[in-house]
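J.: Below: sequence and its predicted model.
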Amino acid sequence: MNPTNTNLASKKEWIGLAVIALPCLLYAMDLTVLYLAVPHLTEDLKPTGSQLLWIVDIYGFLVAGFLVTMGTLGDRIGRRKLLMIGAASFGIASVLAAFSKSAEMLIATRALLGITAATLAPSTLSLIRNMFLDTNQRTVAIGIWGTSFSIGGAIGPLIGGLLLEHFWWGSVFLLSVPVMILLLIAGPKLLPEFKDPNAGSLDILSAILSLSSVLSIIYGFKRISENGWEILSFIFIVSGLLIGTFFIRRQQNLKDPLIDLRLFKVPAFSAALIANSLTIFVGLGSFLFLAQYLQLVLGLSPLVAGFWTLPSAAGNVIGSLAVPMLVRKIRPIIVVSGGLVLNIIGLAFYALIEADSGLIYVVIGSVIISLGICSVVILGTDLIVGSAPPERAGAAASISETSVEFGGVLGIAVLGSIGTAVYKNRMNGLTFNGISPESMESAKGTLGAAVAVAKELPEDIALSLLYSAKHAFTDSFQLVSIICAVISFVLAITIFMMRKSLEKL
């Protein structure tokens, strides 16, 4: 364990942490709150199917694409300065999105929101690296920082649902405005400024290559999650990898690169990146099936389904508070390995889920998994930013966040594809009298399609179709849960066996 730094943070730093946690909460809310507003804005703006997909997806795409550039830019111009610019821009973009008059305008404002949101996570995390020099305090601070994202993602659908019951769809975007105003007022007084005094100018070509590589890879896997394994998806992924290779070679030859590749030679840094990525891979990949189970198998409304995810959010809060206390008495490597064991236990509960098993396994499994994910991601993030020199904290934070984005999109694409294949395999060969071949073919594709087809059928035929479709889906959920448990097991064993080389753990 690292020795504790005697330079303890004061009350000012802790208040500053509360201030920067709020925009992180809003950042996560913006990733989820839009889903409930889609039917309302569709009725008002009348977007095409393609436009609607871009309205939903472009925010997350550009957040992921600009993380590396924004993190490095903060190291150069100042992290507080970048955060203030991002907060002001995010607030303005939120107002523009709320009052969009066309689908094109909403796509453009959502794109601007994504670019400005990319300033928030690396700026706030790198500020924490410099505000909290004591190892134990920094772990607590990162735990609180991470909790803000978890809470934002959990309460986003709930608050969005409440707003949409009383106001127009644009109201969901205005939530961030007062928070960003508070940050702009309090930030300069509570947050110190940090930047690399020896940093050179930003390499524009590297920024373009980074953006192109990340967007191509993520878009390719996004297409796989929606359309299956098609050639165009592979073209995007391979193109992104080739651009990424060129990006890495350029960094090796630059005097002042966008990313310091020497960071990856630190065993603790690389191990933490892999652990975080795979943990999010498992977490988001399994959550994809959980969300469908709640709404399509159990028949819960989006708002009620969101309510039943609150125990998981509570697990995140408890885990975030408990982990910093645990590492004072237990070696962090043991806590991380223990977190992965919790993942395995939670996924075992998921593997028990049947079409008629109700909510008991869902609640127990999701809470345990949340505790496990917290243990890994909080300590992993702490290790990543702690491994980097202070002047490179912004770049390290951006790498950390980008690895999380990749883990999530890969989990959804890969595990989603496996689940879809299992579902189709279970549904193949089934026939029902009274269902046209076209409708049956559609129902064999996804559970959502089967539910839609069932609504047009007589009750007895609909019940038979739904029985088969729901059991086919839970079979796929069970297999994906087992795969995720195996990944967590292998990761736990690997990290534990590497404990001697991971000196900073």
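T.: Received, thanks. Residues are numbered from 1 along each chain as shown.
J.: buried sites along stretch 13-33?
T.: For stretch 13-33, a neighbour-count test (16 or more other Cβ atoms under 10 Å) marks 13-14, 16-17, 19-33 as buried. C-beta coordinates here come from the backbone N, C-alpha and C atoms, glycine included.
J.: List the residues that contact the residue nearest to A98 when sequence neighbours are not counted.
T.: Leaving out its chain neighbours, the residue that sits closest to A98 by Cβ to Cβ, 6 or more residues apart in numbering is G170, at 3.5 Å. G170 makes contacts with 41, 97-100, as judged by Cβ atoms under 8 Å, 6 or more residues apart in numbering.
J.: Only whichever of these are buried, select them in ChimeraX.
T.: Here is the ChimeraX selection string for the buried members of the contacts of G170, based on 16+ other Cβ under 10 Å:
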select :41,97,98,100
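J.: From the contacts of G170, pick the one nearest V414.
T.: L41 (30.6 Å; Cβ to Cβ).
J.: With the flanking residues excluded, which residue is spatially nearest to that closest one?
T.: Once flanking residues are discounted, L41 sits nearest to W169: 4.5 Å by Cβ to Cβ, 6+ apart.
J.: Also G114?
T.: In space, and not counting its chain neighbours, G114 is closest to L62: 3.1 Å by Cβ to Cβ, 6+ apart.
J.: Just the pLDDT for the residue nearest to L41.
T.: On pLDDT, W169 comes in at 84.
J.: and it, how far is that from I334?
T.: 48 Å (Cβ to Cβ, to the nearest Å).
J.: before we move on, what about F307?
T.: 35 Å.
J.: Which secondary structure state is assigned to the residue nearest to L263 when sequence neighbours are not counted?
T.: The shortest distance from L263 to any residue other than its chain neighbours is 5.3 Å, reached at F269 (Cβ to Cβ, 6+ apart). Under DSSP: H, G, I helix; E, B strand; the rest coil, F269 falls in the helix class.
J.: Give me the neighbour count for F269.
T.: Look at F269: counted by other Cβ atoms under 10 Å, it has 24 neighbours.
J.: Could you check how far it is from G386?
T.: Using Cβ to Cβ, F269 is found at 9 Å from G386.
J.: Contacts only, for the nearest residue in space to P257 that is not next to it in sequence.
T.: Spatial nearest neighbour of P257, chain neighbours left out: Q251 (3.9 Å); criterion: Cβ to Cβ, 6+ apart. The contact partners of Q251, by Cβ under 8 Å, 6+ apart, come to 206, 257-261.
J.: Domains in the chain, by residue range?
T.: 12-197, 203-257, 262-505 (automatic domain parsing).
J.: So what's the gap between the second one and the chain middle?
T.: Spelled out, that is domain 203-257. With Cα atoms, centre = their mean, to the nearest Å as the basis, domain 203-257 stands 19 Å off its chain's centre.
J.: Endpoints of it, how far apart?
T.: End-to-end distance of domain 203-257 (Cα to Cα, to the nearest Å): 7 Å.
J.: do the same with stretch 162-172
T.: Start-to-end, stretch 162-172 (Cα to Cα) is 10 Å.
J.: Report the buried residues of that stretch.
T.: 163-164, 169-172.
J.: now stretch 99-113
T.: Residues of stretch 99-113 classed as buried by neighbour count (16+ other Cβ under 10 Å): 100, 103, 106-113.
J.: Check stretch 377-390 too.
T.: 377-388.
J.: ok, of the residues you listed, which one's closest to S464?
T.: Nearest to S464 among the buried residues of stretch 377-390, counting by Cβ to Cβ, is V377 at 43.2 Å.
J.: Show the pLDDT at that closest one.
T.: Note on V377: pLDDT of 86.
J.: same check, this time on the one 4 residues further on
T.: The score at T381 is 83. That number is its pLDDT.
J.: which other helices and strands contact the helix or strand encompassing it?
T.: Using DSSP states H and E, T381 sits in helix 360-387. In terms of contacts (3 or more Cβ pairs under 8 Å, 6 or more residues apart in numbering; DSSP states H and E), helix 360-387 is packed against helix 120-131, helix 135-166, helix 267-292, helix 310-326, helix 332-351, helix 393-427.
J.: And the helices in the stretch 401-505 of the chain?
T.: Assigned helices in the stretch 401-505 of the chain, in chain order: 437-443, 447-454, 459-497 (criterion: DSSP state H, counting those that start in this stretch).
J.: Export the ones you listed as CSV, with columns for mean pLDDT, distance to P192 and mean neighbour count.
T.: Shown next, in CSV, are the helices of the stretch 401-505 of the chain (pLDDT from 0 to 100; distance: least, Cβ to Cβ, whole Å; neighbours: other Cβ atoms under 10 Å):
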stretch, mean pLDDT, distance to P192, mean neighbour count
helix 437-443, 83, 58, 15
helix 447-454, 84, 49, 20
helix 459-497, 90, 34, 19
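J.: I'd like to know which of these lies nearest to L158.
T.: Per Cβ to Cβ, nearest to L158 of these: helix 447-454, 22.3 Å.
J.: out of the buried residues of stretch 13-33, which are inside helices?
T.: In helices, defined here by DSSP state H, the members of those are 13-14, 16-17, 19-32.
J.: Compute the number of surrounding residues for L261.
T.: Other residues near L261 come to 10 when the count uses other Cβ under 10 Å.
J.: and it, what is it in contact with?
T.: 248, 251-252.
J.: just these now: which is nearest L8?
T.: When those are compared against L8 (criterion: Cβ to Cβ), the nearest one is Q251, at 36.2 Å.
J.: quick check: angle from the helix or strand hosting the closest one to helix 393-427?
T.: Applying DSSP H and E as the criterion places Q251 in helix 231-253. Inter-element angle recorded for helix 231-253 and helix 393-427: 160 degrees (by axes from the mean of the first three to the mean of the last three Cα atoms, to 10 degrees).
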